[in-house]
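J.: Give me the fold of what follows.
(chains A, B, C and D)
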2 protein chains.
Amino acid sequence: MEEKEISQAVVGRLPRYLRYLGELRDEGIERVSSQELSDIMQVTASQIRQDLNTFGGFGQQGYGYNVGHLYDEIGKILGLNREHRLIIVGAGHLGQALVNYSNFERRGFLFCGLFDSDPKVCGKKIRSIAVRPMEEMAGFIRDHNIDIAVLTIPKNAAVETAEQLAACGIKGIWNFAHVDLRLPGHIQVENVHLSDSLMKLSYNLSSSEEAT
Amino acid sequence: MEEKEISQAVVGRLPRYLRYLGELRDEGIERVSSQELSDIMQVTASQIRQDLNTFGGFGQQGYGYNVGHLYDEIGKILGLNREHRLIIVGAGHLGQALVNYSNFERRGFLFCGLFDSDPKVCGKKIRSIAVRPMEEMAGFIRDHNIDIAVLTIPKNAAVETAEQLAACGIKGIWNFAHVDLRLPGHIQVENVHLSDSLMKLSYNLSSSEEAT
DNA sequence: ACGCTTATGTTAAATTTTTGTCAATTCCTG
DNA sequence: CAGGAATTGACAAAAATTTAACATAAGCGT
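T.: Predicted coordinates for the structure are as follows:
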């Protein structure tokens, strides 16, 4: 029963709010007003209030927002109060880099398995996680209650693998491959298209140059 | 002399157009209509025409768009017709992963140098590029005409390093550190906040679950 | 060469997103 | 404990983005 569709624009801003609130909290600051946050974050106070009110009234008139409480609430909204169990498919440099990123684990994203089609890297251990052959993937997902798969393999392999993952009942895919995955709607896909990002930077470089 | 401000929403879609046009071209397809592209890409034909017309009339009425020509034009708009010279600051797993990604070089993004503050990794070679100490960075940028720096270092170091880079006259920063960099407006910053992306996925997982 | 079909470029409408405003509520001081 | 200051939540206005509609231009077949 979807209450009212919440735009991805709003969702996309939540992690940033969380980040700044975490910093304030770590500085020992207990309360903050939308105007103060606005000054720090360089977005309008109106947008902050609007965004937060999408999910409920977390503030108090005349007082502002309680930093710790707001931090927790946004965390809950983002699903950080539960644990997520992930596997990484593709034990190349990028896959390894992600496994080694300990910040994710701190947020409840647990890397449980690593898979690769290359027999030469299978058996190798990365941060205490063994690389397994692709054949074991389906079973592993079911046995270890995996909900997210991270795709760090070349694009031609990615499409087929994504379909396998879908068939295994995976809930979400964090896709670093440079293709758009076409999967059933109940499977959430979040794309990280690095080359797209680099091209945007390139555009903005050219564009700012012209505007001399 | 900025003609008219082009929205980042449009710019953000260009790389995706480029990708699909490249695929069509590789299949030997010479012409395509906005409606055909619409079917393939799952966006409205209207949006495609609107987006393309932001930059000029690349199509022909009654015919459609010439795939090769449109591909080239979008490439030019994105600045892919020129070479970009990059350095990577932070030779950790992520930095190494990016150096090894050959696709970027094919697009004209040349990795020219690698820098790290850890003396233990300095001197090491990654894909024929030696890791240099941070002290050499400023000189290197000037000597090798570097325009883009890729920041793959922890966030506390990132802020200070970004300021150094700005002082060296860098044009753009591709920022993988989990902070917002505050730099003079003429320096373009493109952020890749991986944990934000993962949190979005997490939100969408929770959200789709609720909507059972 | 003519007319029908196709498909763009452009303008207008609809929708979404962002910003501004203000009454209502709570805090805080004297 | 009363009154002024502060700040939210809600609503309204403005801006931006997306979609629709259509006149116009070019292709294509006969």
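
J.: going forward, measure contacts between C-alpha atoms and count neighbours the same way
T.: Will do.

J.: what's the neighbour count on A:R16?
T.: Using other CA atoms under 10 Å in any protein chain shown, A:R16 has 17 neighbouring residues.

J.: who does the lengthiest strand in chain A touch, helix- and strand-wise?
T.: Longest strand of chain A, by residue count under DSSP state E: strand A:109-116. Applying 3 or more CA pairs under 8 Å, 6 or more residues apart in numbering or on different chains; DSSP states H and E, we find strand A:109-116 packed against strand A:84-89, strand A:129-133.

J.: Quick check: mean pLDDT of that strand?
T.: Here strand A:109-116 scores 97 as its mean pLDDT.

J.: Same check on stretch A:158-177?
T.: Stretch A:158-177 comes out at a mean pLDDT of 97.

J.: does any bit of that stretch sit next to chain B?
T.: Yes - if you take CA under 8 Å from any CA of the partner chain as the test, stretch A:158-177 does meet chain B, through A:K171, A:G172, A:W174.

J.: and the longest strand of chain A, which strands flank it?
T.: strand A:84-89 (parallel), strand A:129-133 (parallel) (DSSP bridges).

J.: And the shortest one, what's buried?
T.: The neighbour-count criterion (16 or more other CA atoms under 10 Å in any protein chain shown) identifies A:A130, A:V131, A:R132, A:P133 as the buried residues of strand A:129-133.

J.: Pull the distance from that strand to the chain's centre.
T.: Counting by CA atoms, centre = their mean, to the nearest Å, strand A:129-133 is centred 23 Å from the centre of its parent chain.

J.: And the longest one, by the same measure?
T.: Between the centre of strand A:84-89 and the centre of its chain there are 12 Å (CA atoms, centre = their mean).

J.: gap between the closest residue to DNA strand C within chain A and A:S33?
T.: Among all residues of chain A, A:G62 sits closest to DNA strand C, at 3.5 Å; criterion: CA to the nearest atom of the strand. Using CA to CA, to the nearest Å, A:G62 is found at 9 Å from A:S33.

J.: the more surrounded of these two?
T.: Taking neighbours as other CA under 10 Å, A:G62 and A:S33 compare with A:S33 leading, 20 against 7.

J.: ok, that one - contacts?
T.: Counting by CA atoms under 8 Å, 6 or more residues apart in numbering or on different chains, A:S33 touches A:Y63, A:G64, A:Y65.

J.: can you do 6 Å?
T.: Taking CA atoms under 6 Å, 6 or more residues apart in numbering or on different chains, we find A:S33 in contact with A:G64, A:Y65.

J.: Just the pLDDT at it, thanks.
T.: 96.

J.: same question, the one 3 residues further on
T.: Note for A:E36: predicted pLDDT of 96.

J.: which SSE is it in?
T.: helix A:34-41 (DSSP states H and E).

J.: who does that helix touch, helix- and strand-wise?
T.: If contacts are counted by 3 or more CA pairs under 6 Å, 6 or more residues apart in numbering or on different chains; DSSP states H and E, helix A:34-41 sits against helix A:45-53.

J.: Show me which positions of the helix it packs on end up buried.
T.: Those would be A:A45, A:I48, A:R49, A:D51, A:L52, for helix A:45-53 by 16+ other CA under 10 Å.

J.: Just the strands from chain A, written as ranges.
T.: A:31-32, A:59-60, A:64-66, A:84-89, A:109-116, A:125-126, A:129-133, A:148-151, A:172-175, A:188-191.

J.: for chain A, longest helix please?
T.: As assigned by DSSP state H, the longest helix anywhere in chain A is helix A:8-26.

J.: Establish whether that one and chain B are in contact.
T.: Yes - using CA under 6 Å from any CA of the partner chain, helix A:8-26 comes into contact with chain B via A:P15.

J.: now that helix, how far from the centre of its chain.
T.: 13 Å.

J.: and what of stretch A:152-169?
T.: Worked out by CA atoms, centre = their mean, stretch A:152-169 lies 18 Å from the chain centre.

J.: Return the set of buried residues in it.
T.: Here stretch A:152-169 shows A:T152, A:I153, A:K155, A:A158, A:V159, A:T161, A:A162, A:L165, A:A166, A:C168, A:G169 as buried, counting by 16+ other CA under 10 Å.

J.: out of these, which one sits closest to B:L94?
T.: Closest approach between these and B:L94, by CA to CA: A:T152, at 12.6 Å.

J.: Next one: the closest one relative to A:L194, how far apart?
T.: From A:T152 to A:L194 the distance is 12 Å (CA to CA).

J.: Around DNA strand D, pick out the residues from chain A.
T.: A:32-35, A:46, A:49-50, A:52-53, A:56-65 (CA under 7 Å from any atom of the strand).

J.: My guess is A:A177 contacts A:K155. True?
T.: Yes - A:A177 lies in contact with A:K155 (CA atoms under 6 Å); the separation is 5.1 Å.

J.: Number of residues surrounding the closest residue to A:R127 other than its chain neighbours?
T.: In space, A:R127 comes closest to A:N100 once its chain neighbours are excluded; the distance is 6.9 Å by CA to CA, 6 or more residues apart in numbering or on different chains. Per other CA under 10 Å, the neighbour tally for A:N100 reads 17.
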